[in-house]
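1. mind looking at a prediction? Sequence and model below.
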Amino acid sequence: VFASPRYTAAIAVPLEQTGHVEAVLWIGFGPGVPSLTATTLEILERFAVHAAIAWQASRLMGREQRMMAQLGILHEISNYIQAAEDLDKVLHVVLTGVTASYGLGFNRAALFLLDERGEYLVGRMGIGHLEEEKAREDWAADQSRGLNSFQQYLKLLERDQLPITPVGEGVRNLRFSATSKQFHVFMSEMCQKRCAVATLDDLHGIPESFVEAFEPAFPLVVVPLMARGLSIGLLVADNKFTRAPITLEDQEALLTFVNTAAVAIDNAQLFREAKTGQERLRSFYEASNTLVSSRDVERVLQDIVGQAREAAGASGATMILIDRETGEVRQLITTDSGKPLQRSEIIRPLGLSMEVLRSGIPGIIEDSGADQGRVNPSDFWKKIAAALCVPVILEGERIGVMWFHYSRPRRFLPAEIEAGQLYANQAAL
């Protein structure tokens, strides 16, 4: 600029704050301007001091205004998630609070929650893209749809009109050990209950399946979800496309927001479990009422297992009445319509059915493929991916067991197990 013939002289004046040069003010002089004197330089230096103060004040005021606006929106988001009962909507709003321009403004984020046993981190939801061009197209589309407004976003969320993004597709149902020391970047943050920023040097401590699905950029921020003093999951976020640095202020704001969000997520999970338990209990109660009118024993037993399968939402059900002293099967009723079953196909002397009969404690198989040592190797059980076994109790005596079979691996909520046990006890009457 100053190489132009219009300028015959130029001076650069530093704008300093706390001893650091924040900017440089360049002044150009054209032909015919008198020589620069010491007085002129002194005036310019004084002007630079006042200019630096004014500039810094303006910058702080702008930052403060942005922070106040951001806090206002985050407060709205917190109010929504604290009142919401739908877990999926809570998760989506939390991720939007992390990634939206009116929120914390990260480019991408994903949520992982611990399973019921605390053994695995399971990918539940994510927001963001894998390619920069697609990301910027999506941001422009969001702008045109009015999604830079939280209220407009909520309207589309309630109508289920928000598409799943590539990051959401990639992380959904990812599953990795929550106890493995191999994944120390994720696990250490959960144990130490603090926010951390991972760099490229930490890549070996991140699950390979996550790297493939999320394609993280570094730095990558990792935040534990804390509720009731326990870690219930993780949130990860990065700025893959804008490459904006993740400052200490960003980390503190993210940790504060996520701590609030974790309580809401935990509450939504508890509500879902309670609701599922109530639905199962109501279904089993209605099923048991239909049994009272029938007096034919064979018909009652067939009704019991048929109603049990429907009430539990299972793919099949089996009731086995067993002599506790001899271990002999007295009666076997199943919803399986295949060939008649042999005793060895159903129970073994040291198998799970006999274990449940002797102990009175329900037996749970959430994934038969990962729990083959406890599963009967017969053809009948090869079709079953998950199962729940509860004792059948009559007048305080255990007279058999009832199995609920499922064609896919699944988790069993405590309320579901209790409802299944109550049904089996009611049916025994």
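-> The structure has been received and is ready for your questions.

2. return the set of buried residues in stretch 310-325.
-> Residues of stretch 310-325 classed as buried under the neighbour-count rule (16 or more other Cβ atoms under 10 Å) are 311, 312, 314, 315, 316, 317, 318, 319, 320, 321, 322. C-beta: built from backbone N, CA, C; applies to glycine.

3. tell me the contacts of the fourth one?
-> When you say that, I think you mean residue 315. 309, 384, 405, 406, 407 (Cβ atoms under 8 Å, 6 or more residues apart in numbering).

4. helix or strand for the first one, which one?
-> By that I understand residue 309. Per DSSP states H and E: residue 309 is located in helix 297-312.

5. state the distance from residue 174 to residue 213.
-> With distances taken as Cβ to Cβ, to the nearest Å, residue 174 is found 6 Å from residue 213.

6. shared neighbours, these two?
-> Joint contacts of residue 174 and residue 213 (Cβ under 8 Å, 6+ apart) are residue 123.

7. follow-up on the earlier one: now, the contacts of residue 315 that are in strands?
-> Judged by DSSP state E, strands contain the following of those: 405, 406.

8. any chance of a markdown table for the contacts of residue 315, columns neighbour count and distance to residue 230?
-> A markdown table is the format used below for the contacts of residue 315 (neighbours: other Cβ atoms under 10 Å; distance: Cβ to Cβ, whole Å):
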| residue | neighbour count | distance to residue 230 |
| --- | --- | --- |
| 309 | 19 | 35 |
| 384 | 22 | 32 |
| 405 | 25 | 33 |
| 406 | 20 | 28 |
| 407 | 12 | 33 |
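
9. out of the contacts of residue 315, flag the one nearest to residue 263.
-> Distance to residue 263 across the contacts of residue 315 (Cβ to Cβ) is lowest for residue 406, with 31.7 Å.

10. pretty sure residue 240 is in a strand, no?
-> No. Read with DSSP: H, G, I helix; E, B strand; the rest coil, residue 240 is coil and lies in no strand.

11. does it touch residue 216 like I think?
-> Yes. At 7.5 Å, residue 240 counts as touching residue 216 under the criterion of Cβ atoms under 8 Å.

12. shaky segments in the stretch 1-150 of the chain?
-> Applying pLDDT under 70 to the stretch 1-150 of the chain flags residues 1-5, 17-20, 32-35, 53-71.

13. if you set the cut-off to 50 instead, what comes out?
-> Applying pLDDT under 50 to the stretch 1-150 of the chain picks out residues 60-62.

14. just the stretch 251-400 of the chain next, same as before
-> Using pLDDT under 50, the flagged stretches of the stretch 251-400 of the chain are 294.

15. picking up where we left off before, give me the more crowded residue out of residue 240 and residue 216.
-> Between residue 240 and residue 216, residue 240 has the larger neighbour count (other Cβ atoms under 10 Å), namely 22 against 19.

16. what's that one in contact with, if anything?
-> Contacts of residue 240 (Cβ under 8 Å, 6+ apart): 107, 108, 128, 132, 135, 215, 216, 217.
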